[in-house]
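**Q** Quick one: sequence and predicted model below, then my questions.
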Amino acid sequence: MVDPKEVVSLRLLLIFAIGLAFVNCASAPREKPTLPKEKDPQYQYELAQTALRYGLEDEAIKYLNQASALDPNHYPSFYLLGVIQSQKRNFFEAERAFRKCLELKPDQADAHLRLGVVLEEMLELAEAEEEYKKAYTINGNVESLINLAKLYYDQKKLDLALETVEKATEKDNRSFPAFNLQGVILNELGRYAEAVSSFRNALKIDPQSDVARINLAVGLINTGNLKEARELLEKTLERVKDQNLRKRILEYLEKIMELSSGDTIPIPEN
């Protein structure tokens, strides 16, 4: 038997695009004086972007610090600095950067969302919840709802987590993370048939997802459909290269041989 308290939680990858605004002059009777490049915060910011494209995070941070020193109101530099520091798991520095972003532009949903992620990593859960809510209020951001639902799920507030993730699926019926998380929550609530339906929806959205295939198989086991679960796991095993996933699949196949139709399997936490 498997400990029924062990449940998967999918860490969501948030991808943020940093845009640059360019201004074109239709006509200019006389040229404006330009800053030397080393004194231009936008130039330093662009150097940071180039460094980042080559994986040189520390070099990028150096250029961003220079840009913010030249212009303490240069929002893009603080935002990109927060993103990089988050990736490096320097959460205090990331928090400081995103709070500066929101000091400059309080209505930027992406900065609220990013700050929420950082605060959650720092276990400042009440503050993280507020930032996710602010991000959603500003622009109806589905990612904010998913992160909020995941936060509730981790706190075992399952009914609130389900209510929140269902709002996400209603807003975006093509969101793989939303449907997959919905299935995880339903499985934890013991609503196994509904969990299977959610995992099937997730797999329709991303037919190549091994995570969705494995989660669907677990849901099928919990509804007593051992034959379909075994077939799905065996097919998935043929294509999976990741050793951790292969180990998990083999464990489930072994459990199928041991389980009676009344037994259930929780979805283990990644």
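**A** Cool, the structure landed. Numbers count the residues shown, from 1 in each chain.
**Q** where does the protein dip in pLDDT?
**A** Low-confidence segments of the chain (pLDDT under 70): 1-35, 260-270.
**Q** the domain parsing of it - what is it?
**A** The chain breaks down into these domains under automatic domain parsing: 39-140, 174-270.
**Q** Among those, which comes closest to residue 151?
**A** Smallest distance to residue 151 across the domains of the chain (C-beta to C-beta): 6.0 Å, for domain 39-140. In this view, the C-beta of every residue, glycine as well, is placed from N, C-alpha and C.
**Q** from the chain's centre, how far out does the closest one sit?
**A** 16 Å (C-alpha atoms, centre = their mean, to the nearest Å).
**Q** how about the helices in the stretch 51-200 of the chain?
**A** Counting by DSSP state H, counting those that start in this stretch, one finds helices in the stretch 51-200 of the chain at the ranges 57-70, 75-87, 91-104, 109-121, 125-139, 142-154, 158-171, 176-188, 192-205.
**Q** buried ones in the longest one?
**A** Of the residues in helix 125-139, 127-129, 131-132, 134-136, 138 count as buried by neighbour count, 16 or more other C-beta atoms under 10 Å.
**Q** quick one on the thing from earlier: can you list the domains of the chain in CSV and add distance to residue 149?
**A** CSV is the format used below for those (distance: least, C-beta to C-beta, whole Å):
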stretch, distance to residue 149
domain 39-140, 9
domain 174-270, 6
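**Q** re earlier: and among the helices of the stretch 51-200 of the chain, the most buried is which?
**A** Most buried of those, by mean neighbour count (mean count of other C-beta atoms under 10 Å): helix 176-188, with a mean of 26.
**Q** What about residue 250, how many residues nearby?
**A** Using other C-beta atoms under 10 Å, the number of residues around residue 250 comes to 12.
**Q** Kindly report the same for residue 247.
**A** Close neighbours of residue 247, defined as other C-beta under 10 Å, add up to 11.
**Q** Use 34 as the first number from now on
**A** I'll keep to 34 as the first residue from here, and by that count the last item is residue 280.
**Q** what sits against it?
**A** Counting by C-beta atoms under 8 Å, 6 or more residues apart in numbering, residue 280 makes contact with nothing.
**Q** element containing it?
**A** helix 276-291 (DSSP states H and E).
**Q** Provide a list of residues in contact with residue 219.
**A** Residue 219 neighbours (C-beta under 8 Å, 6+ apart): 195, 225, 227-228, 231.
**Q** Equivalent analysis for residue 262, please.
**A** Counting by C-beta under 8 Å, 6+ apart, residue 262 has contacts 250-251, 253-254, 285, 289.
**Q** repeat for residue 225
**A** Per C-beta under 8 Å, 6+ apart, neighbours of residue 225: 219, 252, 255-256, 297.
**Q** out of these, who's nearest residue 268?
**A** residue 252 (16.0 Å).
**Q** What about the closest one? Give its phi and psi, please.
**A** phi -60, psi -40 (degrees, to the nearest 10).
**Q** For it, give its distance to residue 116.
**A** With distances taken as C-beta to C-beta, to the nearest Å, residue 252 is found 35 Å from residue 116.
**Q** rewinding a little: make JSON lines from the buried residues of helix 158-172 and add distance to residue 81 to it.
**A** JSON lines is the format used below for the buried residues of helix 158-172 (distance: C-beta to C-beta, whole Å):
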{"residue": "160", "distance to residue 81": "28"}
{"residue": "161", "distance to residue 81": "27"}
{"residue": "162", "distance to residue 81": "31"}
{"residue": "164", "distance to residue 81": "25"}
{"residue": "165", "distance to residue 81": "27"}
{"residue": "167", "distance to residue 81": "27"}
{"residue": "168", "distance to residue 81": "24"}
{"residue": "169", "distance to residue 81": "30"}
{"residue": "171", "distance to residue 81": "26"}
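**Q** correct me, but residue 104 touches residue 74?
**A** Yes: using C-beta atoms under 8 Å, residue 104 is in contact with residue 74, at 3.9 Å.
**Q** Please enumerate the shared neighbours of those two.
**A** With C-beta under 8 Å, 6+ apart as the test, residue 104 and residue 74 both reach residue 110.
**Q** And the two? Which one has more around it.
**A** A direct count of neighbours by other C-beta under 10 Å for residue 104 and residue 74 places residue 74 higher, at 21 against 15.
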